[in-house]
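J.: return atomic coordinates for the entry below.
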Amino acid sequence: MQAIELLLNRNSHPKLIDPAPQGSALGRIYQAALRAPDHADLRPWHFIEFSGEGRERLGKIFVEAELVRNPGVDIEVQNKMAKQPLRAPMVIAVVAKIQEHPKVPASEQLLSAGCAAHGLLLAAEAEGFAGMWRSGWVCFDPLVKEKLGLNKQDELVGFIYLGSLAGRKKPLPEHSLEEFVEKWT
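T.: Numbers count the residues shown, from 1 in each chain. A predicted model of the protein is given here:
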């Protein structure tokens, strides 16, 4: 697959099934993520991989956080939260490991980790898999961050759901460049 073809055709896929990437394919996916722009060689990224029962443990953390936020939440919502990580055979939490640095502000480190997350998605697609970047309130929840072992200054960039495409690729919308590009000549 040509790089430009990959960039123009990558798409989010909410329905993912087995198999998930593994072995050398998974290694290449992580290596691609590690190529994210990285001012001052801080390597401000960390990945937490959930597969098998690990996804169920992540779901329990989501339920626990929901109960702290909303102690009276009904069982249906709890079940929905528990099942979120089961939407794919693998989930990777992408963490921005924010460090004090005189030339690299926290915002730049967060963007670098976001680029690493995008690298995961692009590389997964290049390896023949599919993915979806999910976020939401769980990324900003202090209990979720604590249960995942994050430091106070760390940021949870998102959860990358990976697996194989279930069904067909959805059509991509065409975008008008004039809506997004301003030219100063």
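J.: the longest helix along the chain: what's the following helix or strand?
T.: Ranked by number of residues, the top helix in the chain under DSSP state H is helix 106-126. Toward the C-terminal end, the helix or strand that comes next after helix 106-126 (DSSP states H and E) is strand 130-134.
J.: and the angle from that following strand to helix 106-126?
T.: On the basis of axes from the mean of the first three to the mean of the last three CA atoms, to 10 degrees, strand 130-134 is oriented at 160 degrees to helix 106-126.
J.: which residues touch the residue nearest to P21 when sequence neighbours are not counted?
T.: Among residues not flanking P21 along the chain, F129 sits closest, at 5.1 Å (CB to CB, 6 or more residues apart in numbering). C-betas here are computed from N, CA, C, even on glycine. F129 is in contact with 20-21, 25, 29, 162-165, counting by CB atoms under 8 Å, 6 or more residues apart in numbering.
J.: for the residues you listed, which one is nearest H13?
T.: L165 (5.5 Å; CB to CB).
J.: distance check, the residue nearest to P21 against I48.
T.: 18 Å (CB to CB, to the nearest Å).
J.: buried ones in the helix or strand harbouring I61?
T.: Taking DSSP H and E as the definition, I61 sits inside helix 53-69. For helix 53-69, the neighbour count (16 or more other CB atoms under 10 Å) marks 55, 58-59, 61-66 as buried.
J.: so A20, which of the three states?
T.: coil (DSSP: H, G, I helix; E, B strand; the rest coil).
J.: what's it sitting at in phi/psi?
T.: Backbone torsions of A20, given as degrees, to the nearest 10, read phi -90, psi 160.
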